[in-house]
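Participant: I'll drop the sequence and a predicted model, then ask my questions.
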Amino acid sequence: MNPIEKRYNHRVMITMSIYCLLVFTSIYTLKGMASDWPVWIRALMALTPVIPVAFFCKAYVTYLNECDEMLRRIELEAIGLSTVVVGLLYLSLGFLGRSNIIDLDGITVAVWVFPLLCLFYGASKFIAARRYR
């Protein structure tokens, strides 16, 4: 791994650890003791996981700017394909009567968009990298 990838992986590991902690904490708090809090406080609590996602996006853009052209192409193909797959999956759930408001087994569908993007991004990057070998 080159220094660019090491820096990126370090930033992502820290950011995603904080993201996971905030997602589970906010869900647990909102379903428990925060049920009688004012709406604006619950909205802020629900939006707290967005902060590490913003830092992740900044780290990713910095990584893309430091990459060479081939790796940038692989990265952009992977993020594009994963966005299309997750977008279509999300839309198909909406057409089946599910939306970001309706619960799916107690957890809103929108909570899974970012983790699914990361999952499909990893698979798409693997496929794209193998294609350019």
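Facilitator: Thanks, I have the structure now.

Participant: which residues touch the residue nearest the centre of the chain?
Facilitator: Compute the mean C-alpha point of the chain, and by CA atoms, centre = their mean the closest residue is residue 114, 2.7 Å away. For residue 114, the contact set (CB atoms under 8 Å, 6 or more residues apart in numbering) comprises 19, 53. For glycine as for every other residue, the C-beta is placed from the backbone atoms N, C-alpha and C.

Participant: Give me the spatial nearest neighbour of residue 5, chain neighbours excluded.
Facilitator: Spatial nearest neighbour of residue 5, excluding adjacent residues (CB to CB, 6 or more residues apart in numbering): residue 63 at 7.9 Å.

Participant: Buried residues, the helix or strand hosting that neighbour. List them.
Facilitator: Per DSSP states H and E: residue 63 is located in helix 50-66. Of all the residues in helix 50-66, those buried under the rule 16 or more other CB atoms under 10 Å are 52, 55-56, 59-60, 63.

Participant: May I see these arranged in CSV, with pLDDT and distance to residue 10 as well?
Facilitator: Output for the buried residues of helix 50-66, formatted as CSV (pLDDT from 0 to 100; distance: CB to CB, whole Å):
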residue, pLDDT, distance to residue 10
52, 94, 14
55, 95, 12
56, 92, 12
59, 94, 9
60, 92, 13
63, 93, 11
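
Participant: I'd like to know which of these is nearest to residue 1.
Facilitator: residue 63 (12.4 Å; CB to CB).

Participant: Contacts only, for that closest one.
Facilitator: Counting by CB under 8 Å, 6+ apart, residue 63 makes contact with 4-5, 7-8, 75.
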